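Sequence first, then the predicted structure:
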Amino acid sequence: MEDDGKKIVDLIKELVHRLLTISQNPNSSSSTVPTQQKYIRALKYSLHILSSRMTPSIVADESAMVESIKRNLATAGKSSEALTFADLYSNFSLKSGPGSVKNKWAVLYLLKTISEDIKSRQNQSANIITSGFLDSALAGGLPALFENTEFNNDSGVFGKLSKNLSNEAFNDSPDNLMGLGYNFQSLSNMGEFEKNRGEGILGDYSSNLKGLGDNLSGLREVENVKTGLKGGVLMVSKDPENIRDMAYREFADLVKEENEVLEEVLVRDVLYACQGIDGMYLKFDEKVDAYVLPYFNKVPRATRIMVQKLCEIGWLFRKVKGYITQSMARFPDEDVGTVGQAFCAALQDELSEYYKLLAVLEVQAMNPIPLVSESAWSGNYLSLRRLSVWFAEPMVKMRLMAVLVDCCKVLKGGAMAGAIHMHAQHGDPLVNDFMKRLLRRVCSPLFEMVRSWVLEGELEDIFAEFFVLSLPVKAESLWREGYQLHAAMLPSFISQSLAERILRTGKSINFLRVCCDDRGWSDATTEAAAAAGTTTRRGGLGYGETDALESLITEAAKRIDKHLLDVLYKQYKFKEHCLAIKRYLLLGQGDFVQYLMDIVGPELSEPANTISSFKLAGLLESAIRSSNAQYDDPDILDRLRVKMMPHNTGDRGWDVFSLEYDARVPLNTVFTESVMSRYLQVFNFLWKLRRIEHALICAWKTMKPNCVTSQFFGNLPHAVKLQLILTSRKCQVLWDEMNHFVSNLQYYIMFEVLEVSWSNFLKEMEVAKDLDELLRAHEKYLISIVEKSLLGEQSQNLNKTLFILFDVIVRFRSQADRLYEGIYEFLSRSGTTDFSFPSRFKAKSQRQSNNKSSEPGSWLGEGRKDLTRHAREFLRKMGQDIEKIAKEYSFVFEGFISQLAIQHHVDLKFLMFRLDFTEFYSELRPSTGRKL
């Protein structure tokens, strides 16, 4: 034992000697021997530190300790030393294996503690308590020792060690070293005694501990200490209770002098304020809008600040409670809404939990607050600091509720739920859980509306809170205008696409119920709920179950939409009605259209105001019975009717005649009035095109039998014969040109427009999954027909030019009829009646001959020379009229071709190609730069 103590002392002496040598001249290569007094004092201080058994009050964190040392060096303006320390620690931390320091944190803590203790000693004052033990301990350093005669007696270990070290002449004699080693050995073995004292093992250390106890008793009587103080280290395991008692009592007296209001009273007033009630000292000031503690009450500034912070929860409570009271007072007179009621109920539930907490705190507030010196007794009392801890979580919740109250004052329904949902996107688990619990209550009425709308088609929305609006409309407008989304009431946790599916699902149920008189949707909703794993009962959906809601909506929409389309296709024969409109309104039934035009043609040639619609209806029935249309469904044929459009003075029957198709409920959801008006527009165009084709066919029938008219003029002069040939040729060439245009235009309309559009419509009809997709497919089909038929807004000028061409062709047909009527008159006047002219010419010419022969000066009653002269004049005039029509037609047609070339629709390019596939018209146009 003695050898070990001697070795330890030798090592300590060597370490202190080296440290003092380096510290006196760190930059010098030569060592400087320290003074003996300084050496003895440093050695004594080192032995005190090593013999101390004080336990650190901080967690052993090596990295934190390194950062603390570097920060202290940097704060003191020693940046270079901080860098040097970082480099040294890096090398020190890498040392491992035999001979290395295992507990590196302890070494760092020792160095830091010594440094802070030295700084605290330099600032010592005359007060023994503040400059001694407490100052060093509170500064984080080592406690100081009092070096007096009583403390340094020979009865204790420190006394013997101090006596040996207090000699001015310190030498390295063996006796001194042996004594010092024995004393240090005693000090170092005190730890072992402390460890084994519970087992009653006192050993040879009882006398040493007794001496240490006597010396420590002198510390408790610090008021009698009159000698000077010197630094040192106290070997203790706990803080001396007597010094702590004295300091705490002084602190308690100081607090009582500064406080006119007891803390118990302030705690009670704070609890009252938290309930919105004025206390004895804390009262709510309307001007300041806060609870105020009057300044004439003497309270420490720290206490006043804490009271103000605690009273914030009372101010928040007043705001939340006031909102609940006002909202409930307005209901049901004003539009609070079910979501607003649910929000108030959820807030009231949270306040109920808050009331329970206040009740517990009021019970604790009845217990007296002990003095700080009595902290060993942990009673169930309530102080301001404890109250701040109790109010930490309720303060967060109350702030959230106050924020929600502010943002929801002017909101209701889905808008309110969406605003509350925005505050739920929070990373704090406490806030997140609180908001989810609140939103489950707030959104329950909203989700019940969704459930009722999707599964039953019922809109239970008295206060207009739902994001689906119902409008009073007729049955034919129920789907398009009866229901619509209210964007302002759409909560943010429901996407736009999901909201549209919700709208369509409920709308489909109402459409089936009202327009189709169908009840099969109930089975579809039950199957959808079973497939989605939810129930059809109330409360089956709630906030946070967005996936379940979306699954239910998807399943319900899929089944109800399929059922709706099946009802339209099978029960109401939607496809058959679309085909009927194509065949009759779009003139796709060729035999019916041709026969109808033949039998109504004479009637439509009359003035519009003289035509009977009943007679036209009878002719329509005749056309149906005389064509393959008679084999169609009677329900379809009953819907086909004659319609006479409004007419002006001078209009003919051709201008006002049209057909209409009666689309009843529910088909009028697709075939609305606006849709049927566009069908009527297409019908008028196609009817006029067919009329032009019919006129050219009739003109050809008139022109074809006159191929032998040259035989009649065989005995006429050559000039008359030549005039007849030229006029007939002009008429024939112009007819060919017009027939080429009309035939290609009709082919383009009937095949490349109507048939292609119908084929595309059938494909889209097959893949349509709901009524909206079916409506879009039909709208696309109708728009395609209108745009390709030159009836769109971008083709207005082209359409006007086309109708001018039609008028020119009608005038040409009139001129052709007039020409061949005149020829027949010549033949009949000359007595030649063997030619097969149309019967209408014979009857008409016979009437005109009878009328003109009775007139004085009629050329029919003259001789052969006059007949020849009049024939020459008639043919010359007809040739001029036909030439004039040909020029006008060429001019208008050239304008039509030039406008057609600049159209943006790709299908009109094919029309251009068909009309000018030989590039004949392109060569005639000077704008192309080619030769005429």
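Looks like it came in fine.

Assign Lys102 to one of the three secondary structure states.
coil (DSSP: H, G, I helix; E, B strand; the rest coil).

and it, how many neighbours?
8 (other Cβ atoms under 10 Å). In short, each C-beta sits where N, CA and C put it, glycine included.

What's the separation between it and Leu15?
In this view, Lys102 and Leu15 are 19 Å apart by Cβ to Cβ, to the nearest Å.

With Arg71 instead?
27 Å.

repeat for Leu485
85 Å.

And the top helix by length along the chain, what's buried?
Looking across the chain with DSSP state H, the single longest helix is helix 864-900. Within helix 864-900, the residues that count as buried by 16 or more other Cβ atoms under 10 Å are 867-868, 870-872, 874-875, 878-879, 881-882, 885-886, 888-889, 892-893, 896-897, 899-900.

Packing partners of that helix?
Packed against helix 864-900 by the contact rule (3 or more Cβ pairs under 8 Å, 6 or more residues apart in numbering; DSSP states H and E) you find helix 718-747, helix 796-830, helix 906-915, helix 920-924.

Please identify the buried residues of stretch 294-308?
Quick answer for stretch 294-308 (16+ other Cβ under 10 Å): Val299, Thr303, Met306, Val307.

Skip the chain neighbours and tell me the closest residue to the third one.
Computed as Cβ to Cβ, 6 or more residues apart in numbering, the closest residue to Met306 that is not its neighbour in sequence is Leu384, at 5.2 Å.

Could you report the neighbour count for the one you found?
Neighbour tally, Leu384, other Cβ under 10 Å: 18.

Repeat that for the one 4 residues further on.
As a burial measure, the neighbour count of Ser388 was computed by other Cβ under 10 Å and equals 14.

which stretch of helix or strand covers it?
helix 384-390 (DSSP states H and E).

Next: Arg641.
Secondary structure (DSSP H and E) places Arg641 in strand 640-644.

Tell me the strands beside that strand, with direction?
The strands beside strand 640-644 in its sheet (DSSP bridges) come out as strand 657-661 (antiparallel).

what's next to the strand it pairs with, contact-wise?
577, 580-581, 584-585, 600, 604, 611, 616, 620, 639-645, 671, 676, 679-680, 683-684, 687 (Cβ atoms under 8 Å, 6 or more residues apart in numbering).

Between helix 718-747 and the next helix or strand after that strand, find me the angle.
Sequence order places helix 673-703 as the next helix or strand after strand 657-661, per DSSP H and E. The directions of helix 673-703 and helix 718-747 differ by 150 degrees, with axes from the mean of the first three to the mean of the last three Cα atoms, to 10 degrees as the criterion.

per-residue confidence averaged over helix 673-703?
Summarised as a single mean, pLDDT over helix 673-703 is 90.

Against which helices or strands is it packed?
Against helix 673-703 (3+ Cβ pairs under 8 Å, 6+ apart) you get helix 590-604, strand 657-661, helix 718-747, helix 771-788, helix 796-830.

Just send these back as TSV, with mean neighbour count too.
Listed next are the helices and strands packed on helix 673-703 as TSV, based on neighbours: other Cβ atoms under 10 Å:
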stretch	mean neighbour count
helix 590-604	17
strand 657-661	20
helix 718-747	17
helix 771-788	18
helix 796-830	19
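
What is the helix or strand His17 falls within packed up against?
Per DSSP H and E: His17 is located in helix 2-24. Other helices and strands packing on helix 2-24, by 3+ Cβ pairs under 8 Å, 6+ apart, are helix 36-51, helix 174-188.

rank those by mean pLDDT and give me the bottom one.
Among the helices and strands packed on helix 2-24, helix 174-188 scores lowest, with a mean of 43.

so where is the stretch 251-400 of the chain shaky, pLDDT-wise?
By pLDDT under 70, the low-scoring segments of the stretch 251-400 of the chain are 251-252, 255-258, 333-334, 370-380.

Let's see that with 50 instead.
Applying pLDDT under 50 to the stretch 251-400 of the chain flags residues 373-378.

mind listing the helices for it?
Shown for the stretch 251-400 of the chain, the helices assigned by DSSP state H, counting those that start in this stretch span residues 263-273, 301-330, 338-365, 384-390, 392-407.
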